[in-house]
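Student: Structure, please.
(one chain, ligands or ions: 1)
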Amino acid sequence: MMTKQLTERQKAKWINPLIDRDDFQCFYCTGKFGKNSYVFDHLNDNPHDNRFDNLVLAHQSCNVRKGFYGEYQVIAREKLRKNEAENFLAEWEREQKHSTHKETSDEADLNKTIIKTSKQFLIQELLSQMGHEPRRDEILMKEAIECVCYLVQQETGRGSHTAVQRHLETLTCVISKEFARKEVNGKKYIIRREGL
Ligand SMILES: [Zn+2]
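Tutor: Numbering: from 1, shown residues only. Here you go, the predicted model:
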């Protein structure tokens, strides 16, 4: 089997779980690191055994010192046994995936609320309701953004002007069946499509 040194890519991938597991400190002397002053130490001294469990962060000097310092070799062997029993990386990766997924679905929910609220607001202001005349023929884009943003924030506690603006622009795009935009004296308005 071909074996190789730890790659930069593996280092970049494992630095965060290593810090979460052991803190950002030298495994051997527990001292702090200066900028870029750490190395990936192989607990069993086999530089080709690049399993996550076989790695700790250490000062370069402590990594070298371990070669002739029995006490460091003992704690290295104990740490390797502990890591192998713990299986930290699998659990860590599961948690990462879970939190990323949660963020994405929260974002999707917020988008849905913005779209729903924007539509309701434009329908209520610009379209005729149950035989009544429409409330008005046009609405300032700026006003629509502020109102929809307010309504979304009341419902979700979140929602930015930028996000609301993006959705209002989508709802009033040139192929929208219900709404359109016009610009008068540099001011943007939202209007009914039928009025065109
Ligand atoms: Zn050290």
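
Student: buried residues in the helix or strand of the chain with the lowest mean pLDDT?
Tutor: Every helix and strand in the chain was compared by mean pLDDT, DSSP states H and E; the lowest is helix 88-126, with a mean of 88. Residues of helix 88-126 classed as buried: 88-89, 92, 110, 113-115, 117-119, 121-122, 125-126 (neighbour count, 16 or more other CB atoms under 10 Å). The C-beta positions use only the backbone N, C-alpha and C, and glycine is treated the same way.

Student: okay, those residues in TSV with distance to Met141 next?
Tutor: What follows is the buried residues of helix 88-126, written out as TSV (distance: CB to CB, whole Å):
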residue	distance to Met141
Phe88	52
Leu89	50
Trp92	46
Leu110	21
Thr113	20
Ile114	15
Ile115	16
Thr117	15
Ser118	12
Lys119	15
Phe121	12
Leu122	11
Glu125	12
Leu126	12
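
Student: List, one by one, the residues from the protein near the ion.
Tutor: Residues of the chain lying close to the ion (CB under 5 Å from the ion) are Cys26, Tyr28, Cys29, Gly31, His59, Cys62.

Student: Where does pLDDT dip in the protein?
Tutor: For the chain, the stretches flagged by pLDDT under 70 are 1-3, 35-36, 195-196.

Student: so what are the domain limits for it?
Tutor: Domain segmentation of the chain under automatic domain parsing yields 8-86, 103-195.

Student: now these in a markdown table, with distance to Lys97?
Tutor: Below are the domains of the chain laid out as a markdown table (distance: least, CB to CB, whole Å):
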| stretch | distance to Lys97 |
| --- | --- |
| domain 8-86 | 13 |
| domain 103-195 | 11 |
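
Student: Between those, which one is closest to Gln96.
Tutor: Of all the domains of the chain, domain 8-86 sits nearest to Gln96, with 8.5 Å by CB to CB.

Student: ends of the closest one, how far apart?
Tutor: End-to-end distance for domain 8-86, by CA to CA, to the nearest Å: 25 Å.

Student: just use 25 as the starting number from now, easier for me
Tutor: I'll keep to 25 as the first residue from here, and by that count the last item is domain 32-110.

Student: Mind checking what secondary structure Gln177 has?
Tutor: helix (DSSP: H, G, I helix; E, B strand; the rest coil).

Student: I'd like to know how many residues surround it.
Tutor: Neighbour count for Gln177, taken as other CB atoms under 10 Å: 14.

Student: about what we covered before: please spell out the PyMOL selection for the buried subset of the residues of the chain next to the ion.
Tutor: With 16+ other CB under 10 Å as the burial test, the buried ones among the residues of the chain next to the ion are selected in PyMOL as follows:
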select buried, resi 50+52+83+86
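
Student: which parts of the helix or strand just after the least confident helix or strand of the chain are buried?
Tutor: Next along the chain after helix 112-150, taking DSSP states H and E as the criterion, comes strand 162-164. Neighbour counts over strand 162-164 (16+ other CB under 10 Å) mark Ile163 as buried.

Student: Neighbouring strands - and their directions - for strand 162-164?
Tutor: Strand pairing for strand 162-164, using DSSP bridges, gives strand 211-216 (antiparallel).
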